[in-house]
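Colleague: Okay, here's the prediction I keep looking at, along with the sequence it came from:
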Amino acid sequence: MAGSMNPASFQALSQDAQKEALHDYMIETTGPKVERSCGDGRKALNGSIFIKNFGGSLGAATVSFVSRWIHGEQVTYGDAVEEALAKLKTKFDLGGHRDNGSDDSDTSSGCGYADNRTAIVNRIATTEGFDGVINSVFANAIHDGNRSQWESVLGAYQAIAGKQAQPFTPNGEQLITSLEKKDSTILMLDGAHEEYAIVFNEKPNTTLDTNRLVEDGGSAFCVDIWDAMAQTDHLGINSEEARLIYMAEWVATALVLVVDKGKPLPPIFFYN
Ligand SMILES: [Zn+2]
């Protein structure tokens with residue numbers, strides 16, 4: 001219903017009621033016209049339904065990049081993304097987005113994940129106790145059983161952080177242009193960021209219908225973990241390693257795009 005999910009109505013609900021209200025916006029992704037794009041909560045101008053990961057296809061490509069560093073390959077971000085996208089394309093439709101406020105920029109694409117690669121890497125590399133921050137979002141994600149694997153993830157980010165000057169890390173405009181050249185779906189997202197929740201969705205073949213949520217006055221980030229993991233499986237990355245890298249990326253993205261801009265971290269909901 002138009003307006004029924006506006007921020008004031010949503011924030012008046014208990015956390016359980018918020019979780020339930022957003023759950024009404026979960027939809028099946030098995031239809032014929034489903035794209036892949038970003039976890040950005042804004043509405044697609046063409047009304048496309050899309051499966052979500054921060055950065056669209058750049059999300060899995062970034063995991064591949066970090067994994068290669070963990071295993072001793074000091075590849076540039078640009079080269080690693082190109083190679084990962086070529087492999088992803090053999091099984092998955094590629095996708096990303098721009099927004100209708102970024103048309104005239106040489107460096108900014110409109111995708112916060114693509115535009116803030118350097119800041120996101122630095123956040124992971126330099127935040128004191130970042131494992132504790134991850135565990136506050138994903139309960140007990142980093143524990144004694146995977147501590148050494150986590151240390152190797154963190155070590156890779158710390159090594160990468162010192163290398164990021166261009167051309168090592170392309171800017172957002174270059175990253176989205178590169179996706180466009182690969183026949184990807186690049187959605188145009190509309191309006192300002194007003195996300196008041198983050199959804200992490202593990203239920204296969206479903207996503208949050210962010211278009212309908214925006215029409216009803218609301219907005220939430222969403223990551224479809226089931227699809228993100230399927231993509232890194234296809235890239236041949238160990239699933240525990242991929243999950244650790246993804247969690248670092250997702251939490252750091254929220255910190256850079258929300259908390260570092262002076263807003264509180266919104267409530268986080270898990271669906272499975
Ligand atoms: Zn984006």
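Modeller: Yep, that arrived.
Colleague: for this structure, which helix is longest?
Modeller: Longest helix in the chain, counting residues (DSSP state H): helix 239-257.
Colleague: Contacts for it next, please.
Modeller: 54, 59, 62-63, 66-67, 70, 112-113, 116, 119-121, 123-124, 127, 130, 133-134, 137-138, 141-142, 146, 149-150, 153-154, 157, 193, 198, 200, 221, 223, 225, 228-229, 232-233, 265 (Cβ atoms under 8 Å, 6 or more residues apart in numbering). C-beta coordinates here come from the backbone N, C-alpha and C atoms, glycine included.
Colleague: now the helices for the stretch 51-200 of the chain?
Modeller: Counting by DSSP state H, counting those that start in this stretch, the stretch 51-200 of the chain has helices at residues 57-70, 77-88, 112-115, 117-126, 130-137, 147-161, 172-180.
Colleague: who wins for proximity to residue 101 among those helices?
Modeller: Nearest to residue 101, of all those, is helix 112-115, at 11.8 Å by Cβ to Cβ.
Colleague: now the closest one: how far from the chain's centre is it?
Modeller: Centroid displacement of helix 112-115 relative to its chain, using Cα atoms, centre = their mean, to the nearest Å, is 9 Å.
Colleague: For it, name the packing helices and strands.
Modeller: helix 57-70, helix 172-180, helix 239-257 (3 or more Cβ pairs under 8 Å, 6 or more residues apart in numbering; DSSP states H and E).
Colleague: re the thing from before, turn the helices of the stretch 51-200 of the chain into a markdown table, including mean pLDDT, distance to residue 205 and mean neighbour count.
Modeller: Listed next are the helices of the stretch 51-200 of the chain as a markdown table, based on pLDDT from 0 to 100; distance: least, Cβ to Cβ, whole Å; neighbours: other Cβ atoms under 10 Å:
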| stretch | mean pLDDT | distance to residue 205 | mean neighbour count |
| --- | --- | --- | --- |
| helix 57-70 | 98 | 18 | 25 |
| helix 77-88 | 98 | 19 | 19 |
| helix 112-115 | 98 | 23 | 25 |
| helix 117-126 | 98 | 28 | 21 |
| helix 130-137 | 97 | 24 | 17 |
| helix 147-161 | 98 | 29 | 16 |
| helix 172-180 | 96 | 24 | 20 |
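Colleague: can I get those in JSON lines with distance to the ion?
Modeller: Shown next, in JSON lines, are the helices of the stretch 51-200 of the chain (distance: least, Cβ to the ion, whole Å):
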{"stretch": "helix 57-70", "distance to the ion": "8"}
{"stretch": "helix 77-88", "distance to the ion": "15"}
{"stretch": "helix 112-115", "distance to the ion": "5"}
{"stretch": "helix 117-126", "distance to the ion": "12"}
{"stretch": "helix 130-137", "distance to the ion": "19"}
{"stretch": "helix 147-161", "distance to the ion": "20"}
{"stretch": "helix 172-180", "distance to the ion": "9"}
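Colleague: any chance of these in JSON lines, plus distance to residue 21?
Modeller: Output for those, formatted as JSON lines (distance: least, Cβ to Cβ, whole Å):
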{"stretch": "helix 57-70", "distance to residue 21": "26"}
{"stretch": "helix 77-88", "distance to residue 21": "34"}
{"stretch": "helix 112-115", "distance to residue 21": "25"}
{"stretch": "helix 117-126", "distance to residue 21": "30"}
{"stretch": "helix 130-137", "distance to residue 21": "21"}
{"stretch": "helix 147-161", "distance to residue 21": "34"}
{"stretch": "helix 172-180", "distance to residue 21": "33"}
